[in-house]
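> Sequence plus the predicted model coming up.
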Amino acid sequence: MLAYEDVGIRFGGNQAVQGVTGSITPGIITAIIGPNGAGKSTFFNLLSGFYKPTSGRIIFEGQDITRLPTHEVVALGIARTFQTTTIYKELSALENAVLGHRVRTKSGLWDALLGTGRERREGKASLDAAYTALKRVGLEQQAHVLAGNLTQEAQKRVSIALALATNPKILLLDEPAAGINPEETVNLTRTIRELAAGGLTVVLIEHKMSMIMTLADHIMVLHHGQKIAEGSPAQVSRDPAVIEAYLGGHAAPHVREELKADLEQEAARLGSQHA
Ligand SMILES: Nc1ncnc2c1ncn2[C@@H]1O[C@H](COP(=O)(O)OP(=O)(O)OP(=O)(O)O)[C@@H](O)[C@H]1O
């Protein structure tokens with residue numbers, strides 16, 4: 001579906017991502033993990049067309065999208081959310097989602113100003129797509145609430161709706177659970193799982209290891225810009241290279257602690273299974 005071949009990017013003398021090859025499996029949830037500075041956000045920016053790689057190719061459904069402008073990548077069906085919430089707080093949830101849809105419609109400023117037939121048709125289409133997107137994230141009741149008045153978790157949902165309004169085949173979520181509490185994290189995890197169950201392919205970056213371990217079907221691990229492992233959560237959490245990357249002193253203390261706890265939990269679970 002989405003394949004990357006020997007993808008790399010260099011910022012001046014810094015090789016942020018290097019020689020990453022693989023593919024995203026359709027219909028499942030893939031998590032990209034790795035210690036701070038591992039290249040996760042940069043790799044995300046490459047997949048979603050925000051950065052152009054200095055080496056390698058990105059292929060989506062057989063088409064080379066490496067050099068396509070971002071809006072064309074979005075129109076083909078790859079949408080993303082951003083780590084820092086990029087919603088418009090002074091607009092309603094619905095208006096935010098309408099803006100998300102506008103990215104892929106063709107009405108220009110002239111159509112909007114002159115109220116042309118195309119604008120009216122596409123205005124209706126945007127509204128329909130926006131409602132559908134809000135429904136998918138469980139926000140239809142709050143469609144007319146100003147985004148700034150919603151809870152942190154609901155604002156996260158709005159940013160997902162903004163991406164969903166473009167009707168993507170692949171949804172890239174950049175740290176969806178950052179800044180929300182454990183209960184909200186569980187609720188959001190459920191919504192992401194429902195989206196995937198509905199056929200959407202989900203790729204996410206997340207630091208909350210407990211969330212990743214319960215949510216991801218597949219995990220890819222980056223370290224120093226390179227892929228060092230991939231597999232199921234159980235496989236990855238047992239992988240010596242992954243343990244070394246996290247416990248070797250490169251990770252932030254809270255990430256190290258969380259991973260250590262998850263690894264111990266996983267080891268205990270496997271131990272009791274074989275007892
Ligand atoms: N626009 C940029 N210009 C220069 N260097 C960059 C740029 N973006 C990222 N880098 C560098 O690339 C490397 C990878 O950074 P990146 O943000 O992708 O890591 P990350 O795994 O997402 O980290 P974190 O978990 O802290 O968000 C780092 O050395 C970073 O300083």
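It's in.
> all strands of the stretch 101-250 of the chain, in order?
170-174, 201-205, 218-223, 226-231 (DSSP state E, counting those that start in this stretch).
> so can I have CSV of those showing distance to the ligand, mean pLDDT and mean neighbour count?
Yep, even glycine has a C-beta here, placed from its N, CA and C like the rest. Listed next are the strands of the stretch 101-250 of the chain as CSV, based on distance: least, CB to the nearest ligand atom, whole Å; pLDDT from 0 to 100; neighbours: other CB atoms under 10 Å:
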stretch, distance to the ligand, mean pLDDT, mean neighbour count
strand 170-174, 9, 95, 23
strand 201-205, 7, 96, 23
strand 218-223, 6, 95, 22
strand 226-231, 11, 96, 18
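> Among those, which comes closest to residue 10?
strand 226-231 (13.3 Å; CB to CB).
> Which of the helices or strands spans the closest residue to residue 51 other than its chain neighbours?
Spatial nearest neighbour of residue 51, chain neighbours left out: residue 45 (4.1 Å); criterion: CB to CB, 6 or more residues apart in numbering. According to DSSP states H and E, residue 45 maps onto helix 40-47.
> Next: residue 97.
Assigned by DSSP H and E, residue 97 falls in helix 93-102.
> With distance to residue 155 as extra columns, can I get the strands of the stretch 101-250 of the chain in TSV?
Shown next, in TSV, are the strands of the stretch 101-250 of the chain (distance: least, CB to CB, whole Å):
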stretch	distance to residue 155
strand 170-174	14
strand 201-205	17
strand 218-223	27
strand 226-231	31
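> Residue 17 bridge partners, please.
residue 9 (DSSP bridges).
> From residue 146, how far off is it?
Distance, residue 17 to residue 146, using CB to CB, to the nearest Å: 38 Å.
> what about residue 241, neighbour count?
A count of nearby residues for residue 241, using other CB atoms under 10 Å, gives 13.
> tally of neighbours for residue 245?
23.
> Look up the closest residue to it, ignoring the ones flanking it.
Leaving aside its chain neighbours, residue 245 sits nearest to residue 223 (4.3 Å; criterion: CB to CB, 6+ apart).
> if we can go back for a sec, residue 17 and residue 146: who's more crowded?
Neighbour count, other CB under 10 Å: between residue 17 and residue 146, residue 17 has more, with 30 against 15.
> Now for the more buried one: which residues touch it?
7, 8, 9, 39, 42, 43, 46, 53, 222, 225, 226 (CB atoms under 8 Å, 6 or more residues apart in numbering).
> circling back to that earlier point, quick one: mean pLDDT over the helix holding residue 45.
Averaging pLDDT along helix 40-47 yields 94.
> Could you tell me which residues of the protein lie near the ligand?
Contacts of the chain with the ligand, taken as CB under 6 Å from any ligand atom, map to 11, 14, 16, 34, 36, 37, 38, 39, 40, 41, 42.
> Which among those count as buried?
16, 34, 37, 38, 39, 40, 41, 42 (16 or more other CB atoms under 10 Å).
> Need the max-distance pair from these.
16 and 34 (11.8 Å).
> partner residues bridging the closest residue in space to residue 34 that isn't next to it in sequence?
The spatial neighbour of residue 34 that comes closest, neighbours along the chain excluded (CB to CB, 6+ apart), is residue 222 at 3.8 Å. Judged by DSSP bridges, the bridge partners of residue 222 are residue 227.
> try residue 32
Taking DSSP bridges, one obtains residue 205, residue 220 as the residues bridged to residue 32.
> who touches it in this structure?
40, 43, 44, 203, 204, 205, 219, 220, 221, 222 are the contacts of residue 32 under CB under 8 Å, 6+ apart.
> Nice, that's everything, thank you.
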